[in-house]
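>>> Okay, sequence plus prediction incoming.
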Amino acid sequence: MEAYIIKAYRSAVGKAKKGSFKNFRSDDIAVKVIEHLMAQVPELDPHIVDDVIVGCANPEGEQGFQIGRQISLRALGIPVPGVTVNRYCASGLESISMAVAKIRAGMGHIFIAGGAESMSQIPMTGYKLAPNYDVANQTPNYLTGMGITAEAVAKKYGISREDADTFSVNSHQKAAKAIQEGKFKDEIVPIEVTDVSVRNNKRVETTALVSIDEGVRPDTTLASLAALKPVFDTKGIITAGNASQTSDGAAFVLVASEEMVKLFNWQPIARMVSCSVGGVDPLYMGMGPCAAIPKALKSAGLSLSDIDLVELNEAFAAQALAVIKEGCLNPESVNVNGGAVALGHPLGCTGAKLTTQVINELGRQNKKYGMVTACVGGGQGIAGIYEKL
Amino acid sequence: MTKRIRKAAVLGSGVMGSGIACHLANIGVDVLLLDIIPNNLSDDEKKQPKSRNKIADQALLASIKSKPAPLYDSAFAKRIKTGNFEDDFSKISDCDWVIEVVVERLDIKKEIFAKVDTFRKSGSLITSNTSGIPIHLMSEGRSEDFKKHFCGTHFFNPPRYLRLLEVIPTQDTLPEVIDFFMHYGDHYLGKTTVLCKDTPAFIGNRIGVFAMAKVFQLTSKYNLRIEEVDALTGPVIGRPKTGTFRLGDLVGHDTSGNVIRGLKANCANDEQVSSFEVPPYLDFLLENKFLGNKSGQGFYKKTNEKDEKGKPVILALNLNSLTYEPSIRPDIPSLKAAKQMDDLPRRIRHFFDAQDNGAALIKESLVSLFSYASNRIPEIADSFFRIDDAIRAGFAWELGPFEYWDIIGLEKGVQLIKESGEKVPSWVTEMLSAGFTSFYSKQDGKKLYYDQMLKAYQPIPGQDSLVILDNYRSKSTVHKTSETILHDIGEGVLCLEFTSPHNSIGEGVLMGIQESIQLAEDGGWKGLVIGNQATNFSVGANLMMIGMLAYQQDYDQLNMAVNAFQQTTMRCRYSAIPVVAATQGYVFGGGCEILMHCDASVVSAESYIGLVEAGIGLIPGGGGTKEYALRASDLFFEGDVQIPTLIEKFKAIALASVATSAYEGFKYGSLIKGRDEVVLNKDRAIAYAQQKVLQLARNYTQPILRDDITVLGRTGLAPLYLAANELKLGHFASEHDIKIAQKIAYVLCGGDLSGTQQVSEQYLLDVEREAFLSLCGEQKTQERIQYMLQNNKPLRN
């Protein structure tokens, strides 16, 4: 039985550690987004949702206690289960593909799937860095940090500092334009954040409505980026300015079976045609999309030229450029509204957030096929193809 | 007077003002730093405190970012608040001390002081940091209370590092105010605090600038090149590496030109006033605004070209042609011969006997300095020793004029002055005819000076609370090895002084420590201080010995030597008496290991502490790596994930981190709060350590050997190996660096244990020793050691 995407919403993306969500937990963001989503389908009894699938890249600390279940309990009630899925930066997309796959397999009718991440609250590598001793000894490159992998990709595929910086300036400009044109307005769930903090020795309580992505800097120029120093490699090109931003956010979609669509008389917004993952050398994890895209295309029976719009997660400008340069994607179709360098990359949320964005942009442009693709730490890639309905 | 400085205002945020503000913050004072409002503000900006305070804010920021750092710890910047003269002046009303550091113009200073008089609280102290304006002129017209609490306090740039503080009272200054600053300068600001008279340029600049100006003149007279004179007037005669001309570039020729001209104008009656002529080549630099380092060129000019070793080519000004030429390596026989002599007095005497132009310059500059300085008594100071104190502290000379004079002998000095046609003051002639042969003498551990009023030797005041090892040299030592001297410093406390070159640690030092502790235990002594008063506490282990054994692959000998080192540092902790280290300057490698194993330490603020072994291809092998494992273990707590603590300790050793002040030592883990104590004035470190020994001795029992050190084994090794791999991939480390880092990781984790376990100190020492020995067998380590021995800097291979 076919599965359809009925609704898709996301939070604004907060700047990690200094943005509006720095003290606002990701389970709280997720609950707000799901509540908003459910409010759009009042005909749906929350208790018939089969499962809530939550992508999360660092499910510990504030994101521990099996965050999927914590979210389902609060957003939909005791009878609705929840599960946490981790494929690092692909988690949000993976959770949607799992929902779709379950429906197609006849293992349920209604799912809420997406992802949530607070990079403000959980350190990038989790709290205890405890790799396998044999791996550390024999194949340490299986576990290299993301910055180093981007340097490796840049070097291997001949991406220059200037290329990466130019790409990043464009990302900011496109994102600023998109925000100015109100493109994200309808998909973002405004969230009221009450912050209690001490200022000048006084307890101060402030409330703000968070509804705009915080990472975009329209004044970013090539010169301002050129002034930054490489972070991971003294001889490298990766800087804080041409890498994705650390972020906080959540995004979820409502996936329903054909039967449910008919029952509720829903107008689906899209369907996931295919979704594939592939493995690459962990040292070149940035090339992951090139392993996943052909598989996804093949399984969809499409070719690259059929894809109208692509949301390529800009983990690093250098990595995104290398994927394009290798011919894995058509440059004109990629990130028309900017990418993670400007808009942020809340790890486990990203796949669902980009899904929301690509479906809405297909609608605006009245195009048919869109793709979400990302590289994944540990040497993987993911690509999901959507058809606008 | 029981004054306390809780809060101080610094008026004027220029280089000196910001530097003084930072140094006050260093010692824990709350600082208010004020300056003028920028005069080009827009109407909108005029309303913003941020733009109104811009001058002070930017000056402070520039100062904090400057190198060498003006703050002991960047976090201390929080103690400084900025403001401007219009909005914030009233805030000085709760300041205990107001220091004026504005532009050197009397009218402006007087205007500022009138304002200070309005807002200050009575009894608060007010001082000026002027270097040239007579102090008494500045308090004219001020209230009685102001005048009583006003004097000059003259810092030298940079205030954190230069050790001189001149205190210049007026005739209205209360005696207790003078006493307060003399004490505060010494104990709290950590400065050699010299009481001056209100005479032009006070003591330091009057004498120091004379010496510089004289060398300028003699350079032309003897037709020497500036590179030659810098080599002659540098470390070889006990002065800083910058010599004379490079120092001028560092200070800035506008500044030195002004001081020279000021002295010439204000000291017209000086018998050698002609020395204060500005030489034509200095005029050349001033006219072209080649002001020195701050304008990119001065006597020297750095180019973008590189020589065959990859170093930038530096040009030197030819004083005759006034063109820049590639700098040469000085080739002066007397200089070459002097460089072969270890002993500074011997080198000085050698220059007086040698015959070339280089020697003539040194000889003539010193003789004229003897005459000039001695004729300034009592004009600028009642006693000559204050001139020596000021010059040593303010210009970082090892010896002051009268100490140089004592080296060649009083009589010979007098004779040379006469031969040169200069004047010998009557007090010196009198002293000579009364049969005295030197300016200084020593008695009972005290340094004496010749008092020209009493016509007899008198103890230099303020020594009572100090322990000065030099003064004990005439006394019989308690014990001696080839590289140490054991002094009885009183109150039942011993002090072990290293005497090896740069206080490096070899067999003689290790034996000295072992034997001193044994002797103290057996002889009923209360305890031992390990300390010295050289520039550096210790540069680390004697590399020559390790290098030789490594080169010969003599592992049995190496094993014995390293074991001896480990057992010696362990002995510092495990003995029946308290052992306290007192440090200053470099506390590197083995020096740091000794420090960490003592029961406590008294560390001068200017101590640069670090386990630097990785730089020469080794790991700390004298118990240092073991000690970091132990200290990491002591920081673990129930529920702790432990890895971050381990990584922090690992990084400190693997990156050969050196603390740039004692306070940073606490951050890097070589010092422990509560155990180790910082002293501001390095001259007091040994005396404080002596007190620390007495305090610990009251109920001292020997600690019990540790067998409860938690090490993480493979759980810890894996992330450290990964971190090392990351450093390699990011070009932060070479292959060999990684090998060393892995050895460090191995020791810190107690080896490749399957899991977390508690182990003993001796187990870790054995692992540490094995790792050390294995690195000694590495060719790249041997290359690093050899390179360090030959070039005195680390090789990256």
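Now that the structure is in, tell me what you want to look at.

>>> Next one: the spatially most central residue of chain A from residue A:96, what distance?
Residue closest to the average C-alpha location in chain A (CA atoms, centre = their mean): residue A:350, at 0.7 Å. Residue A:350 is 12 Å from residue A:96, where distance means CB to CB, to the nearest Å. Yep, even glycine has a C-beta here, placed from its N, CA and C like the rest.

>>> And residue B:177, by the same measure?
Using CB to CB, which is the criterion applied here, residue B:177 is 78 Å from residue A:96.

>>> quick one: which of the two has more around it?
The residue with more neighbours, out of residue B:177 and residue A:96, is residue A:96; 32 against 22, by other CB atoms under 10 Å in any protein chain shown.

>>> Pretty sure residue A:102 is one of the things the more buried one touches, is it not?
No - at 10.9 Å, residue A:96 does not count as touching residue A:102 under the criterion of CB atoms under 8 Å.

>>> Tell me which residues of the longest helix anywhere in chain A come out buried.
If each helix of chain A is counted by residues according to DSSP state H, the longest one is helix A:161-180. Along helix A:161-180, the positions that meet the burial threshold by neighbour count (16 or more other CB atoms under 10 Å in any protein chain shown) are A:161, A:163-176, A:178-179.

>>> Please compute how far the next helix or strand after that helix lies from its chain's middle.
Scanning forward in sequence from helix A:161-180, with DSSP states H and E defining helices and strands, the next element found is strand A:188-189. Here strand A:188-189 is found 15 Å from its chain centre; the criterion is CA atoms, centre = their mean, to the nearest Å.

>>> any idea of the mean pLDDT in strand A:188-189?
Summarised as a single mean, pLDDT over strand A:188-189 is 98.

>>> Count the residues that sit near residue 271.
If you meant another chain, say so; for now it's chain A. Using other CB under 10 Å, residue A:271 has 18 neighbouring residues.

>>> meant chain B, my bad for not saying
Neighbour count of residue B:271, defined by other CB under 10 Å: 13.

>>> Next, it: secondary structure please.
Classification of residue B:271 into helix, strand or coil gives coil, according to DSSP: H, G, I helix; E, B strand; the rest coil.

>>> pLDDT wise, what is it at?
You'll see residue B:271 listed with a pLDDT of 90.

>>> Count the neighbours of the closest residue to chain A within the stretch 251-400 of chain B for me.
Using CB to the nearest CB, the point where the stretch 251-400 of chain B gets nearest to chain A is residue B:310, with a distance of 16.5 Å. Counted with other CB under 10 Å, the burial measure for residue B:310 works out to 6 neighbours.

>>> helix or strand for the residue lying closest to residue A:54 once chain neighbours are set aside, which one?
Taking CB to CB, 6 or more residues apart in numbering or on different chains as the measure, residue A:54 lies nearest to residue A:68, with 3.9 Å between them; neighbours along the chain are not counted. Of the helices and strands defined by DSSP H and E, residue A:68 is found in helix A:67-76.

>>> Following element in sequence after that helix, please.
Scanning forward in sequence from helix A:67-76 by DSSP H and E, the next helix or strand is strand A:82-85.

>>> Provide the strand pairings for that next one, with the direction of each partner.
Strand A:82-85 has the following strand partners under DSSP bridges: strand A:51-55 (parallel).

>>> how close does the residue nearest to the centre of chain A sit to chain B?
As for residue A:350, its distance to chain B is 24 Å (criterion: CB to the nearest CB, to the nearest Å).

>>> who are the neighbours in contact with that residue?
Taking CB atoms under 8 Å, 6 or more residues apart in numbering or on different chains, we find residue A:350 in contact with A:89, A:92-93, A:115, A:117, A:313, A:340, A:374.

>>> Who wins on neighbours among the residues you listed?
Neighbour tally across the contacts of residue A:350 (other CB under 10 Å): the maximum, 40 neighbours, falls on residue A:92.

>>> my read: that one touches residue A:345, true?
No - using CB under 8 Å, residue A:92 is not in contact with residue A:345, being 10.7 Å away.

>>> how about the helix holding residue A:68: buried residues?
A:67-73, A:75-76.

>>> picking that back up, what does the residue nearest to the centre of chain A show for phi and psi?
Per-residue torsions, residue A:350: phi -50, psi -50 (degrees, to the nearest 10).

>>> can you map out the strands along the stretch 351-500 of chain B?
Under the criterion DSSP state E, counting those that start in this stretch, the stretch 351-500 of chain B contains strands at B:440-443, B:446-451, B:456-459, B:479-481, B:484-488, B:493-498.

>>> repeat for the stretch 1-150 of chain A
Taking DSSP E, counting those that start in this stretch, the strands of the stretch 1-150 of chain A run over residues A:3-11, A:14-15, A:51-55, A:82-85, A:110-118.

>>> Give me the neighbour count for residue B:109.
22.

>>> any idea which helix or strand carries it?
With secondary structure defined by DSSP H and E, residue B:109 is part of helix B:106-119.

>>> Can you name every helix or strand that that helix contacts?
For helix B:106-119, the packing partners by 3 or more CB pairs under 8 Å, 6 or more residues apart in numbering or on different chains; DSSP states H and E come out as strand B:97-100, strand B:125-128, helix B:135-138, helix B:144-148.

>>> so the residue of the stretch 251-400 of chain B closest to chain A, which of the three states?
At residue B:310 the chain is in coil, as set by three-state DSSP.

>>> returning to that earlier point: tell me which other helices or strands the longest helix of chain A touches.
Secondary structure elements in contact with helix A:161-180, counted by 3+ CB pairs under 8 Å, 6+ apart, are helix A:222-226, helix A:317-325, helix A:340-343.

>>> Done for today, thanks.
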